[in-house]
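Chemist: return a 3D structure for these sequence lines:
(one chain, ligands or ions: 1)
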Amino acid sequence: MGRAEKAKITDVLQIHQLVNSFANKGEMLARSLSEIYENIRDYFVVRQGKMVIACAALHISWSDLAEIKSLAVTEDSQAQGVGAELVEACLKEAREIGIPAVFCLTYQSAFFEKFGFIPRDKMELSRKVWTECYRCPKFPNCDEVALICRLEVGDHPGLVDWGRRPSPPSTQRSSSYRRGDRVAPRQRIFLCSRP
Ligand SMILES: CC(C)(COP(=O)(O)OP(=O)(O)OC[C@H]1O[C@@H](n2cnc3c(N)ncnc32)[C@H](O)[C@@H]1OP(=O)(O)O)[C@@H](O)C(=O)NCCC(=O)NCCS
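Modeler: As a prediction, this is how the structure comes out:
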């Protein structure tokens, strides 16, 4: 555990290659070098020696919403808990910054549900999210699934409680995934104030 660390500028070429190796197979969105350079502070990586074997980015969308993007683990390193560590690192950072909701757009919804992410209608996401969608080759026929994970960060001005699901009695954080968990904890979902 604890293999995820903040990316360095020297990781950009490897991140680019890793993400686009899956993008070329239609498994995730491609990223340009300039996008990765501009957003390098969003990225976490896992290394094996000098090799970047996995990456993920936490990108802040608005006061109450961030996105996990570009999660990729090399095929040789999959099924060893690396993806889970990167998601946990992103959620930890979101919690530390005080962001109460993290979403993702993905084909791997079952993976994200392990961390407390709950599927939502894409149309319910903040409009700020769509700025990137306009540049996607699949727009407007996006077939990725949107999921949101609510985090416990205390009071947050502007947060909208849609209140569609009752809260369980537990005060556990929603991302209480442990390796081996089969069922994601489901909690009341908050959606975000629209910019
Ligand atoms: C999806 C991906 C990130 C998972 O990473 P990983 O390192 O293999 O996953 P982990 O080993 O950390 O798995 C954690 C748990 O999720 C489960 N899991 C892994 N991939 C899964 C999937 N596709 N669907 C459902 N569950 C999955 C594992 O079985 C494990 O469960 P366990 O703890 O109960 O044993 C990785 O397969 C990948 O990079 N895929 C290609 C790129 C991609 O699709 N990225 C997502 C785009 S948003």
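
Chemist: in contact with the residue most central in space within the chain, which residues?
Modeler: What sits nearest the mean C-alpha location of the chain, by CA atoms, centre = their mean, is Ile68, with 2.0 Å. Contact partners of Ile68, counting by CB atoms under 8 Å, 6 or more residues apart in numbering, are Ala56, Ala57, Leu58, Val87, Cys90, Val102, Phe103, Cys104, Phe112. Using the backbone N, CA and C atoms, a C-beta is placed for each residue, glycine as well.

Chemist: and it, backbone torsions?
Modeler: phi -90, psi 120 (degrees, to the nearest 10).

Chemist: quick check: it vs the ligand, distance?
Modeler: Remark: distance between Ile68 and the ligand (CB to the nearest ligand atom, to the nearest Å) = 7 Å.

Chemist: report the beta-bridge partners for that residue.
Modeler: Taking DSSP bridges as the rule, Ile68 bridges to Leu58.

Chemist: next step: the contacts of Ile68 restricted to strands.
Modeler: Ala56, Ala57, Leu58, Val102, Phe103, Cys104 (DSSP state E).

Chemist: state the distance from the closest residue to the fifth one other than its chain neighbours to Cys133.
Modeler: Same thing as Phe103. Nearest non-adjacent residue to Phe103, counting by CB to CB, 6 or more residues apart in numbering: Ile148, 4.5 Å away. As for Ile148, its distance to Cys133 is 16 Å (criterion: CB to CB, to the nearest Å).
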